[in-house]
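Novice: Can you look at this prediction? I've put the sequence above it.
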Amino acid sequence: MKTDVVPTDLLAHADLLLWAVEGLRPEGPAAPRPATVEELDELARRTGIAESWPGKSLKALRDRFALLLPEIRAAERTRLFEADPVCPINETAYIRRDKGAILADLIGFYTAFGHRPKTDTGEKPDHLLIEIEFVAVLLALLARAIAAEETDNAAVTARALSSFSRDHLGDWIGPFCARLALTAEGTPFADTSRLLEAAWISLVDRLDLAPPERPADPFPRDEEGTPYECGLCREDEPSPEC
């Protein structure tokens, strides 16, 4: 993974990822960090998405969310992500591995770098927003280490970012964005999926992050008692314990 990058560019990538998912939050979009078109243009330029997402396009997306009535936005978010969701927003809905092992590994990452996700919303460690926030934390730590010329700290953080991309967020963010674009077409949520995908691809290209070791399912299967939760079953070798 590349570490010869400008620290302020790393911070811009962190801001863009956080900005991109504001509309997906249960409480609604927060006050965006960049406020003006000029600031959004600078953010797009630093992250390399200026051609596809200039400042005016970013502001237009923010304005589309602002125009949604709160009850309409809440109903659409419930349809997409909650109860019987048409677009699950958790890693374990897309990745066919032992659910307990995935969650344990995520908690290990968060603990090692002092990331304490909010728990009052009931979100699990594999929730998209929590994983995005953790990547933003790693980018901030990497930027600080590079700026301070702390070579060892930069190397450790860079390896963690690469591993987290390979084993977690990078393994399912593409399928999630594809599903969100299809299931939310015509709404700001669909535009958010395209922005989030562009933001992630830009970061992967900038830092040369490790690709996933296995392809993720583009769509989760509708199952009751998925065998992957027990950690004992495989499709081709079912276990009697499941």
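Specialist: Good, I have the coordinates.

Novice: Next, the buried residues of stretch 193-204.
Specialist: 193-203 (16 or more other CB atoms under 10 Å). Every C-beta, even on glycine, is put in place using the N, C-alpha and C of the backbone.

Novice: what's next to that stretch, contact-wise?
Specialist: 13, 16-17, 20-21, 47-49, 52-53, 58, 61, 135, 165, 169-170, 173-174, 176-178, 180-181, 184, 209 (CB atoms under 8 Å, 6 or more residues apart in numbering).

Novice: can you rerun that using 7 Å?
Specialist: 13, 16-17, 20-21, 47-49, 52-53, 61, 165, 170, 173-174, 177, 180-181, 184 (CB atoms under 7 Å, 6 or more residues apart in numbering).

Novice: Any quick ChimeraX command for the buried ones out of the residues you listed?
Specialist: This is the ChimeraX syntax for the buried subset of these, where burial follows 16+ other CB under 10 Å:
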select :13,16,17,20,21,47,48,49,53,61,165,170,173,174,177,180,181,184
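
Novice: can you tell me how far the residue nearest the centre of the chain sits from Ala83?
Specialist: Compute the mean C-alpha point of the chain, and by CA atoms, centre = their mean the closest residue is Ile132, 3.9 Å away. Distance, Ile132 to Ala83, using CB to CB, to the nearest Å: 22 Å.

Novice: Look up the pLDDT of Glu76 for me, please.
Specialist: Per-residue confidence (pLDDT) for Glu76: 94.

Novice: Grab the nearest non-local neighbour of it.
Specialist: Spatial nearest neighbour of Glu76, chain neighbours left out: Thr187 (6.2 Å); criterion: CB to CB, 6 or more residues apart in numbering.

Novice: okay, now that neighbour: neighbour count?
Specialist: Look at Thr187: counted by other CB atoms under 10 Å, it has 19 neighbours.

Novice: Now do Arg46: how many residues are near it, please.
Specialist: 20.

Novice: give the contact list for it.
Specialist: 9, 12.

Novice: again, only using 10 Å
Specialist: By CB atoms under 10 Å, 6 or more residues apart in numbering, the contact list for Arg46 reads 6, 8-13, 15-16, 202, 206.
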